[in-house]
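**Q** Generate a structure from the sequence data that follows.
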Amino acid sequence: MNGGEGYALQTREISKRFGAVYAVDGLTIDVPRHGMTSIVGPNGSGKTTLMNVLSGVLPLDGGVVLIDGADLKVLHAYETPDHGITRTFQEVRLFDQISVWDNIMVVLTKRGMFAALFERVQPSYRRRARQILEDVGMWEKREALASDLSYGQRKLLEIGRAMAMNVRTYLFDEPFAGLFPQMLQRVKELMKTMRDEGHAIIFVSHNMEIVRELSDYIIVMDSGTLLAEGEVDDVLSRPEVIEAYLGS
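**A** Next comes the predicted model:
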């Protein structure tokens, strides 16, 4: 079984259970290689568990993930960049004890924290780090400790760290949650730019207005299973989706 060239990733009958409960239950999806794909569904539908499985944070209990023709029954988090995938988390994860600048440099130089802090780096890395921090609006905060940033600034820095990975496919778990309008708009623009540069963007969101605005493709989950997938307007107009997710 090989992955199709038109897909960023595919799953075939994947499952993840916690005890006797299946958070993801025999899920088969095809995520387009280009554009933005949103994953939506009611609370408890398995969205974040799916993101954790696709990024190797949680092991599969069954099924297979297909990436660029590779059939992966075992996927470790440290291996995902080698497969062209990285992610952000609903609860932001940074190196809190070092600066904004060094959080980017650790990723760009692909070295340990000690090396990033004390070794000389190539000018190209410094130029790229500055560009990323300017893009996410954090250049003026480059010397601040990550632990001193506001929630919204931490989200922006985490997105900057993901951008520094320069992979093909980005997984964003609730990237808009808790953001003030100005920062929310910046995150939307960053994601649009990444899409326009040819990256595949997969994001989870409860904000249906943003889902409609950004999505080229949508996947609706319910109780760990696939309820619907396809073009946004078509999927969101289906009676089963309205009943399960929109509640009307």
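**Q** Excluding chain neighbours, what is closest to S215?
**A** With Cβ to Cβ, 6 or more residues apart in numbering as the criterion, S215 has its nearest non-adjacent residue at 4.2 Å, and that residue is S38. No exception for glycine: its C-beta is placed from N, CA and C like everyone else's.
**Q** Now do the one you found, the pLDDT please.
**A** You'll see S38 listed with a pLDDT of 96.
**Q** How about E240?
**A** For E240, the pLDDT comes out at 89.
**Q** Confirm it sits in a helix?
**A** Yes. With the criterion set as DSSP: H, G, I helix; E, B strand; the rest coil, the secondary structure at E240 is a helix.
**Q** What is the burial count for it?
**A** For E240, the neighbour count with other Cβ atoms under 10 Å is 12.
**Q** quick one, what contacts the residue lying closest to A146 once chain neighbours are set aside?
**A** Counting by Cβ to Cβ, 6+ apart, L94 is the residue found nearest to A146 once chain neighbours are left out, at 4.4 Å. The contact partners of L94, taken as Cβ atoms under 8 Å, 6 or more residues apart in numbering, are N103, A146, R154, L157, E158, R161.
**Q** can you confirm L94 is in a strand?
**A** No. The assignment for L94 by three-state DSSP gives coil, which leaves it out of any strand.
**Q** From R212, how far off is V136?
**A** V136 sits 24 Å away from R212, going by Cβ to Cβ, to the nearest Å.
**Q** So these two - more neighbours on which side?
**A** Between V136 and R212, counted using other Cβ under 10 Å, the more crowded position is V136 (25 against 13).
**Q** show me the residues around that one that make contact.
**A** V136 makes contact with L156, L157, I159, G160, M163, R186, L190, according to Cβ under 8 Å, 6+ apart.
**Q** Go again with 10 Å.
**A** Contacts here follow Cβ atoms under 10 Å, 6 or more residues apart in numbering; on that basis V136 touches 100, 104, 153, 155-163, 183, 186-187, 190.
**Q** Go through the contacts of L94 and name the one nearest P123.
**A** The closest of those to P123 turns out to be N103 (Cβ to Cβ; 19.2 Å).
**Q** The closest one and I159 touch, don't they?
**A** No. Using Cβ atoms under 10 Å as the test, N103 is too far from I159 to be in contact (11.5 Å).
**Q** if I look at these two, which residues touch both of them?
**A** M138.
**Q** Look at these two and report which has more neighbours.
**A** Between N103 and I159, counted using other Cβ under 10 Å, the more crowded position is N103 (27 against 24).
**Q** Could I get the full set of strands for the chain?
**A** 7-18, 21-32, 35-40, 62-67, 70-72, 85-88, 169-173, 200-204, 217-222, 225-230 (DSSP state E).
**Q** what's the spacing between T88 and D233?
**A** 27 Å.
**Q** Please identify which of the two sits among more neighbours.
**A** Residue environment comparison for T88 versus D233 gives the larger neighbour count to T88, 21 against 10, counting by other Cβ under 10 Å.
**Q** Show the contacting residues for the more buried one.
**A** Contacts were defined as Cβ under 10 Å, 6+ apart; by that measure T88 touches 51, 55, 155, 158-159, 161-162, 170-175, 203.
**Q** Show me the domain layout of the chain.
**A** Dividing the chain into domains by automatic domain parsing, as the record does, gives the ranges 1-84+170-181+200-248, 94-166.
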